[in-house]
Every structure is written in C-alpha cells, then in structure tokens.
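**Student:** A predicted structure for the sequence below; I have some questions about it.
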Amino acid sequence: MLLKLLIFPGFLFLFLCALFFDWVDRRMLARFQGRVGPPWYQPVADLIKLLAKEDILPTGVNPLTAAVLPMVSLAAVLTAGLYIPFGAFSTASFEGDLIVVLFLLSIPALAYFLAGWISTGVYSVLGGSRALLQYFSYEVPFLMALAGPAILAGSWSITHIVDYQSQTIWIALMQPLGFVLAIIGLIGKLKRDPLDIPKAKSEVVAGSLTEFSGRKLALWHLTMNMQTVVGIFLLVNLFMGQSSVFGPIPAFLSFGLKSVGILLLLSTASALYARLRIDQLATLGWRVLAPLALVQILVATWIGG
Amino acid sequence: MKPRMLSSTPNPLATLTHRIVQWARRKSPWILHFNSGGCNGCDIELLDLLTPRYDVERLGILKEASPRHADILLCTGPVTRQSRDRLLRIYEQMPAPKWVVSMGSCSCSGGVFQGGHNILGGVDQVLPVDMYIFGCPCRPEAIIDGLVRLLEQIK
C-alpha cells in the first residue's frame, strides 16, 4: 500500500508525469509557433534552480501563511491524484470519490487567491481577485459537465464510470457537448493560455505569485503542473475510459496516449486563441457554458434515466 | 551576488549537490529586462530573442515580468539620475544568486548620452555588472553570445 501511495500510481509517478507534461506542453507550444522549444530536462532544471534560490517575502507578509499555502495546495492535488485510477491501476476508490476529487481540486484555486491577498502587492491582490472571479465563472459549468458521465453511469465513483464505458463506448462520444465544456472548464481551472487571466504577464505581472520567489515559487509551479496531470487524468477517466476500441493495447499504455492527446488539445488551444478579458469570461461562463451544461445534464437524464 | 563558495575540505555529497544546482542555474536563466533611459532600440533587439528565428527558450531562457522570479537583470540604456533609484530597487528585489548583464553601448558606458546633465553613465556606475554586450543596438546574435558566455561562467 505504501509503495502504491509513494511510487506508482502515487506521488513519484504523478511528479514525473508533471515534469513530462510540462515539457511536452512547452515543446508543443514552441513547435506550433515555429520555434524549437526547451530541451527535455528543462522542467527539472527550472525546479532545482528555484529550490536553490533565495526565498524573499515582502514586509508585512505572514511567513507561516505564505509557506503553508503552496504546501496545502500541493497536498490537496496529490490527494486528489490518489483517487484517480491510471489505466487499471488505482490506489483507492469508493462510491463518491468523484465529488471528493472535485472538492480537493478546488482547494488550490482558493489558496491561490489567499496567496495573492496576503502578498500585500497591487498585482498580487488584483491577480488573486481575478482568480476568484474566474473560479466562479468556470467551476459551475465544469462541475455540471462532469456530472454528465456520473448520471449516465449511475454512480459517483470514477472506477464505476470507467467500467461503464468498458461495456459501452467513450462518454466523450455520447456527450460531445459535455466533453467540450469539461475541456474549457479544465483550461479555466489550470489557468492556461486562453483563460490565463489571473496570471497574465502583460497585465498583472504574475498575478498572485508576483511576490513569491525561491522554494515557494517552485512549489507553486509544481502544484500547477500536478494539477494539469490530475485534471487530464480525471477527464480521460470520465470521458475516454477503457473501451473495446483499444482492445489489444495494454490499459496503461492507451491511458497514457489518451492523456497526452488531451494535453495536445490544451496546447493547441493555447496556441490558437488569444486571452479573454475577465468580464468576457464571466459572460461566457454564465450565459453560454452554464446553460449548455444544463442542457447536457437534461439530455443525460433523459437518455440514462 | 556570487554563488556560495565551497569549504576547503571537499565533501563529496556537497560537491555533487553544488554541481547539480549550478547545472540547473546554467540551464534555466530567467531574465528580467529593465530600460533605465535608452532609446528603445536594444529593447526591440531583445524581443527578437523570443521570436522563432532566435528562440532562446531552447537555452531555457524565459523572460519574466516579476523581479522576484528572475535570475538575470538585463539592462539597456544609460542610467539617468531619475531611474537610478528604481534600478537599484529592482536589483535588490531579485533573489540571490543574481547576475547583471549590461546590454548595448549606452548601458555599457553611457554611449552617446555620456556627459549629459541627467546621465550618471553606464549601469556599472550603480550595479556590479557581470557581462557587457556592446553594439548600438546589439544584434540578437551578440546578445545570445553574451548570455551563453555568462552562463558558462556559472560553475
């Protein structure tokens, strides 16, 4: 059990995946823009360098809170990762773990806001409040989109939803609308490029993380990368679970391929689209995405009953 | 500020850690750009580095917006009396270890602005400079060469 928790599919595996996904993402973005992109060891070098740098905090910042926030968000993301099966491997699973995962995955958003709030900088506070507003815009359509597979499979357990898809087909094919909404929600959750409003470099420097340096910044970056991995794994499980299509390929291999596929989708989105303003995102979230998610849930209830 | 010196008795583990950390520092220099009063020519040449033609991300170089995230302060333009305090303050906000690169003739010596009533001179009048890159404006190739030579010194 400890081996499962710490090595595979636990912390070490998620950590390596986070570094790998970060590199693939940056490399793909560079290739889309006609650049070469960073070498494979780039995320490792960034992490070690940040860990070895001086740790400065502005005056007036509570050092304990500043140190605890990135740790709490990293712990929340790692715990969420435990409940998400990787192919046929799963560390822990129970009825209702989907809801636990969703709640754990929203802790970093609140910690991010708090990090901006305690930093006492203008850009940090602005980035933090933007992050909170963004949270209210994407989270509701995201949750409703993820409720679609649960309603269809008749269970709030991720393992059951995956099993349901093994007997039928991918839920992404049954609920394409829900899948698209979930992808948009995930982009908002990860604060990735079209929706990187809270940390837009040209507007709010680095958002909540403007005043963070050294180890704390490294932990924040690690949290973000882990969140990417966990979010993508969650979406693969819910929408592209084991299916008879990939019969001869081992489950973990096809799972890895599907995850990288979703990552490529996210990279493409960040290469294609320009950043939205925060009011545009709020409008999009509440006037377009949320009603569409409701329609999706109605359809799912009607089909799945 | 220079990286910490090793103690005289070499401890193999400490040496290994030191080498790994220095490797990471060589491979992941994040740049903060500050123009302390130049004509903007060098700044445009600096932005060339991010374009597909030169693409410094292949060397791990990223352009950061916050001084707290940066390793290298890339200065352009001569230091004016007004921008001196800002330049110092930005430098002091950067976490150690940090390096300063003076980019362009004005930044290295004051350039054509030398002797002006509002000019202090080059960046080295205010900050300890680790690498000078000459040119008016310097070519992107020269900037990359200067940065790579600076990184080679981190051992």
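**Tutor:** On my side now, so go ahead.

**Student:** Where does pLDDT dip in the chain?
**Tutor:** Here I'm looking at chain A. For chain A, residues meeting the criterion pLDDT under 70 lie at A:8-9, A:88-89, A:91, A:243-249, A:304-305.

**Student:** could you do chain B instead?
**Tutor:** For chain B, the stretches flagged by pLDDT under 70 are B:1-9.

**Student:** How are the strands of it distributed by residue range?
**Tutor:** Remark: strands of chain B, listed N- to C-terminal, are B:30-35, B:62-63, B:72-76, B:79-80, B:99-103, B:119-121, B:131-133; assignment by DSSP state E.

**Student:** Let me have the ones you listed in JSON lines, extended by mean neighbour count and distance to chain A.
**Tutor:** (Each C-beta comes from the backbone N, C-alpha and C, glycine too.) As requested, the strands of chain B are arranged in JSON lines below (neighbours: other C-beta atoms under 10 Å in any protein chain shown; distance: least, C-beta to the nearest C-beta, whole Å):
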{"stretch": "strand B:30-35", "mean neighbour count": "20", "distance to chain A": "8"}
{"stretch": "strand B:62-63", "mean neighbour count": "18", "distance to chain A": "8"}
{"stretch": "strand B:72-76", "mean neighbour count": "26", "distance to chain A": "12"}
{"stretch": "strand B:79-80", "mean neighbour count": "22", "distance to chain A": "23"}
{"stretch": "strand B:99-103", "mean neighbour count": "25", "distance to chain A": "12"}
{"stretch": "strand B:119-121", "mean neighbour count": "20", "distance to chain A": "27"}
{"stretch": "strand B:131-133", "mean neighbour count": "20", "distance to chain A": "18"}
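
**Student:** Compare the ones you listed and give me the one nearest A:Gly241.
**Tutor:** In terms of C-beta to C-beta, the element of the strands of chain B nearest to A:Gly241 is strand B:62-63, at 36.7 Å.

**Student:** Who are the packing partners of that closest one?
**Tutor:** Of the remaining helices and strands, those touching strand B:62-63 by 3 or more C-beta pairs under 8 Å, 6 or more residues apart in numbering or on different chains; DSSP states H and E are strand B:30-35.

**Student:** how far off strand B:99-103 does the strand it packs on point, in degrees?
**Tutor:** Between the axis of strand B:30-35 and that of strand B:99-103 there is an angle of 50 degrees, by axes from the mean of the first three to the mean of the last three C-alpha atoms, to 10 degrees.

**Student:** tell me which element A:Lys4 falls in.
**Tutor:** A:Lys4 is part of helix A:2-6, with elements assigned from DSSP states H and E.

**Student:** close to chain B, is the helix or strand immediately after that helix in the chain?
**Tutor:** Tracing the chain past helix A:2-6, the next element assigned as helix or strand by DSSP H and E is helix A:11-32. Yes. Contact check for helix A:11-32 against chain B, using C-beta under 8 Å from any C-beta of the partner chain: residues in range are A:Arg26, A:Ala30.

**Student:** which parts of helix A:11-32 are buried?
**Tutor:** Within helix A:11-32, the residues scored as buried using 16 or more other C-beta atoms under 10 Å in any protein chain shown are A:13-15, A:17-30.

**Student:** Please report the number of neighbouring residues for A:Leu173.
**Tutor:** For A:Leu173, the tally of surrounding residues (other C-beta atoms under 10 Å in any protein chain shown) stands at 14.

**Student:** Give me the distance between the nearest residue to A:Gln296 once chain neighbours are set aside and A:Tyr273.
**Tutor:** For A:Gln296, ignoring the flanking residues on the chain, the nearest one in space by C-beta to C-beta, 6 or more residues apart in numbering or on different chains is A:Gly178 at 4.5 Å. In this structure, A:Gly178 and A:Tyr273 are separated by 20 Å, where distance is defined by C-beta to C-beta, to the nearest Å.

**Student:** Give me the longest helix you can find in the chain.
**Tutor:** Answering for chain A, as no chain was given. If each helix of chain A is counted by residues according to DSSP state H, the longest one is helix A:122-153.

**Student:** You answered for a different chain; I wanted chain B.
**Tutor:** Scanning chain B for the longest helix, with DSSP H as the assignment, gives helix B:12-27.

**Student:** for that one, packing partners?
**Tutor:** The elements that helix B:12-27 packs onto, with contact taken as 3+ C-beta pairs under 8 Å, 6+ apart, are helix A:42-51.

**Student:** and the helix it packs on, is it in reach of chain B?
**Tutor:** Yes. Judged by C-beta under 8 Å from any C-beta, helix A:42-51 and chain B are in contact via A:Gln42, A:Val44, A:Ala45, A:Asp46, A:Leu47, A:Ile48, A:Lys49.

**Student:** who are the neighbours in contact with the single nearest residue of the stretch 51-200 of chain A relative to chain B?
**Tutor:** The shortest separation between the stretch 51-200 of chain A and chain B is 3.7 Å, found at A:Glu54 (distances taken as C-beta to the nearest C-beta). Contact criterion C-beta atoms under 8 Å, 6 or more residues apart in numbering or on different chains gives A:Ser213, A:Gly214, B:Pro95, B:Ala96, B:Pro97 as the residues in contact with A:Glu54.

**Student:** residues from chain B in reach of chain A?
**Tutor:** Taking C-beta under 8 Å from any C-beta as the measure of proximity, chain B contacts chain A at B:20-21, B:23-25, B:27-28, B:52, B:55, B:57-58, B:60, B:64-66, B:68-69, B:71, B:93, B:95-97.

**Student:** Just the buried residues of those residues.
**Tutor:** Buried by 16+ other C-beta under 10 Å: B:21, B:23-25, B:27-28, B:55, B:57, B:60, B:64-66, B:68-69, B:71, B:93, B:95, B:97, out of the residues of chain B next to chain A.

**Student:** my read: the residue nearest to A:Gln296 touches A:Pro141, true?
**Tutor:** No. Using C-beta atoms under 8 Å, A:Gly178 and A:Pro141 do not qualify as a contacting pair, with a distance of 9.8 Å.

**Student:** quick one: which of these two has more around it?
**Tutor:** Higher neighbour count among A:Gly178 and A:Pro141: A:Gly178, with 29 against 26, using other C-beta under 10 Å.

**Student:** what helices or strands is the helix or strand encompassing the more buried one leaning on?
**Tutor:** Applying DSSP H and E as the criterion places A:Gly178 in helix A:176-189. Contact analysis of helix A:176-189 by 3+ C-beta pairs under 8 Å, 6+ apart lists helix A:122-153, helix A:171-174, helix A:214-239, helix A:251-272, helix A:290-304 as its packing neighbours.

**Student:** Compute the inter-axis angle for it and helix A:290-304.
**Tutor:** Comparing the axes of helix A:176-189 and helix A:290-304 via the same axes, to 10 degrees yields an angle of 140 degrees.

**Student:** For the residue nearest the centre of chain B, give me its contacts.
**Tutor:** Compute the mean C-alpha point of chain B, and by C-alpha atoms, centre = their mean the closest residue is B:Val101, 2.9 Å away. Shown here is B:Val101, whose contacts under the criterion C-beta under 8 Å, 6+ apart are B:Ile72, B:Leu73, B:Leu74, B:Cys75, B:Val129, B:Asp130, B:Met131, B:Tyr132, B:Ile133, B:Gly146, B:Leu147, B:Leu150.
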